[in-house]
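Asker: What follows is a predicted protein model with its sequence.
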Protein chains: 2
Amino acid sequence: MTLSRIILGFLALRSMTGYDLMRAFATSAAYFWHADKAQIYRTLGRLVEEGFACTEVVPGTNAPDRIVHHVTGRGRDALRAWLVAPPTQQAPRDPFIARMFFAGELNDDELFALIDARVADATAERDALLAIRTKTVRPTPGGDRSGWLRSMTLDQGIREHDENLEWLAAVRAGLGAEQRS
Amino acid sequence: MTLSRIILGFLALRSMTGYDLMRAFATSAAYFWHADKAQIYRTLGRLVEEGFACTEVVPGTNAPDRIVHHVTGRGRDALRAWLVAPPTQQAPRDPFIARMFFAGELNDDELFALIDARVADATAERDALLAIRTKTVRPTPGGDRSGWLRSMTLDQGIREHDENLEWLAAVRAGLGAEQRS
DNA sequence: ATCCGCATGTAAGTGGTTACATGATTCG
DNA sequence: CGAATCATGTAACCACTTACATGCGGAT
């Protein structure tokens, strides 16, 4: 459901091919949703079946044909209905916290290795998001509202990583204190 | 994968039935992993097939039989292997942020309704976690390490909700400012 | 009487991942 | 000459959700 509506959302911004959507997910949506290409092509097919999108074959000049997808009126209605629907509870799934929960029997070296790997990942992701933020102009809520909301979601991604890194540091400090005692 | 290892983790703490595991997920694991009962029974079956768990039928006295699952030695090995494996990158999937990203065309009332609903959910979840934290004794990293790690993961859940609520307030404030201007 | 908790599962559908498969162009 | 990028997809599998199905015992 969410994936199909995100795709409709992108198509409402501009018509795209499956490949364009892959890049849109890899760049602009990377911090709140991941989508595989097999999934994207499958879902595009379903959106066309449902009448929420239609296709236009653009013959490739010295390149493969591009199958450009456009949102239909009914597609825009479905997108809007999803946007305003009461949010359902989110099912958390955090594999790293899951490990920490059961990691009591690991020795210090193993725990430090886990934490350091996670710190490296989180730092890299946060820095990538920071790079995007410094590169783009910050819209104001009164002016370009869509742009402002998108920049707020980017902020949220950065904040979440920062919060995470602080917590990882606290866990590391707790283990360090134990070692010295 | 992660689900099966979390189940092994719980079974390593004490032997349980599928029903016991449902409650374990609903209470102690709720803030980092959600699991459906259909999934739990299916995964238990697979763990037995793989030789990571075995079953003991305890006839019910005035109650249905209980099928108690125990971890095997190979099960403990598999759990440990999962704990120390290098963490793979986490695929983010946040349906609320996804909506916000595309919510530029909604009017103020619709946006406020979305945000308020999310604030209510996040507050309720955070308060539930806080209640658990105040009810339990806080272990020290040097003493009960398993307990300390578990309490740290609980902290992480609370922090994440707090961070989220701050962000939601900032979005609300931004929209409010726009309204007044 | 009816609902809630205990305790077990199955069936069907949707969502997500991995591997397979093809072929042209462009850059180093 | 080889690797990367553009561009399309399929097949098989695994993970997750929802609805269906049963039956006892205790509480309101």
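Answerer: Great, that's in hand.
Asker: can you pull the pLDDT of residue A:60?
Answerer: pLDDT recorded at residue A:60 is 68.
Asker: Give the bridge partners for residue A:55, please.
Answerer: Per DSSP bridges, the residues bridged to residue A:55 are residue A:69.
Asker: got a pLDDT number for it?
Answerer: Value for residue A:55, per-residue pLDDT: 95.
Asker: Residue A:48 is in contact with that one, correct?
Answerer: Yes: with contact defined as CB atoms under 8 Å, residue A:55 counts as touching residue A:48 (6.0 Å). Every residue, glycine included, has its C-beta placed from N, CA and C.
Asker: So for these two, which residues contact both of them?
Answerer: Jointly contacting residue A:55 and residue A:48 under the rule CB atoms under 8 Å, 6 or more residues apart in numbering or on different chains are residue A:69.
Asker: Show me the helices in chain A, by range?
Answerer: Taking DSSP state H as the test, the helices found in chain A are A:2-13, A:18-26, A:37-50, A:73-84, A:95-102, A:108-135, A:145-180.
Asker: shaky segments in chain A?
Answerer: Chain A contains residues with pLDDT under 70 at A:60-62, A:179-181.
Asker: How is it divided into domains?
Answerer: A:2-84, A:95-180 (automatic domain parsing).
Asker: So which residues on chain A come close to DNA strand C?
Answerer: Proximity of chain A to DNA strand C, by CB under 7 Å from any atom of the strand, involves residues A:1-4, A:34-39, A:42, A:62-64.
Asker: List just the nearest of the residues you listed to DNA strand D.
Answerer: Checking the residues of chain A next to DNA strand C against DNA strand D with CB to the nearest atom of the strand, the nearest one is residue A:38 at 3.7 Å.
Asker: Could you export the domains of chain A as TSV, including distance to residue B:125 and mean neighbour count?
Answerer: Formatted as TSV, the domains of chain A follow (distance: least, CB to CB, whole Å; neighbours: other CB atoms under 10 Å in any protein chain shown):
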stretch	distance to residue B:125	mean neighbour count
domain A:2-84	19	16
domain A:95-180	15	17
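Asker: what two of the residues of chain A next to DNA strand C are the furthest from one another?
Answerer: Within these, A:1 and A:62 form the most distant pair, 38.8 Å apart (CB to CB).
Asker: Next, the contact list for the nearest residue to residue A:8 once chain neighbours are set aside, please.
Answerer: Nearest residue to residue A:8, sequence neighbours excluded (CB to CB, 6 or more residues apart in numbering or on different chains): residue A:79, at 4.4 Å. Shown in contact with residue A:79 (CB under 8 Å, 6+ apart): A:5, A:8, A:9, A:12, A:71, B:102.
Asker: let's go with 7 Å and repeat that
Answerer: A:5, A:8, A:9, A:12 (CB atoms under 7 Å, 6 or more residues apart in numbering or on different chains).
Asker: between those residues, which is nearest residue A:23?
Answerer: Using CB to CB, the contacts of residue A:79 come closest to residue A:23 at residue A:9, 15.1 Å.
Asker: Could you verify my assumption that the closest one touches residue B:100?
Answerer: No: with contact defined as CB atoms under 7 Å, residue A:9 does not count as touching residue B:100 (10.9 Å).
Asker: picking up where we left off before, with distance to residue B:132 added, can I get the domains of chain A in a markdown table?
Answerer: What follows is the domains of chain A, written out as a markdown table (distance: least, CB to CB, whole Å):
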| stretch | distance to residue B:132 |
| --- | --- |
| domain A:2-84 | 28 |
| domain A:95-180 | 13 |
